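*Asks:* Take this sequence and fold it.
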Amino acid sequence: MRIREIMKRAPDLVTCAPADSVMDAAKKMERHNVGCVLITEGGGLKGILTDRDITLSVVAKGKVPGDTRVRDVMHTHVLTGGPDWDLLQATQLMAEKKIRRLPIQSNGTLEGFVSLADLAPAVQKELDSFFAIEAAPAGR
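*Replies:* Numbering: from 1, shown residues only. Modelled structure (predicted):
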């Protein structure tokens, strides 16, 4: 199974601009029930901001979320995957780098997004199919 088969695509991607306030980003996370927003500008991926980033880089440091810009606390070094990757490639990268969210790009264009919550059922389905084949009686 390829990542393109399970990734979220626009308009389901939750994004904001680097100049937006952290408060606005947090409200988007709440409204869409997600743990991060992708930071885009001019159609390109510029960074990612997670709920944990807001907690540690804004709240814990006493910054005012409405006065703090996303660009000041977002991660700009964002690992990405490709839509043609198979599930194993994505899960290996995410496990190795200890990340739960993976933006998907092709030729520098943001195409989608997968999280562990998206990958887990797909991996389970692949494993179930594998074990069903292994358990089937051999043909005569």
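*Asks:* contacts, neighbours, all on C-alpha from now
*Replies:* Noted.
*Asks:* Find the centremost residue of this structure, please.
*Replies:* residue 101 (3.2 Å; Cα atoms, centre = their mean).
*Asks:* who does that residue bridge with?
*Replies:* Under the criterion DSSP bridges, residue 101 forms beta bridges with residue 115.
*Asks:* The one 5 residues further on too?
*Replies:* Assessed by DSSP bridges, residue 106 has beta-bridge partners residue 109.
*Asks:* Make sure it is actually in contact with residue 80.
*Replies:* No. With contact defined as Cα atoms under 8 Å, residue 106 and residue 80 do not form a contacting pair (9.4 Å).
*Asks:* Looking at the two, which has the bigger crowd around it?
*Replies:* residue 80 (21 against 13; other Cα atoms under 10 Å).
*Asks:* Next up, the contacts around residue 94.
*Replies:* 100, 101, 102 (Cα atoms under 8 Å, 6 or more residues apart in numbering).
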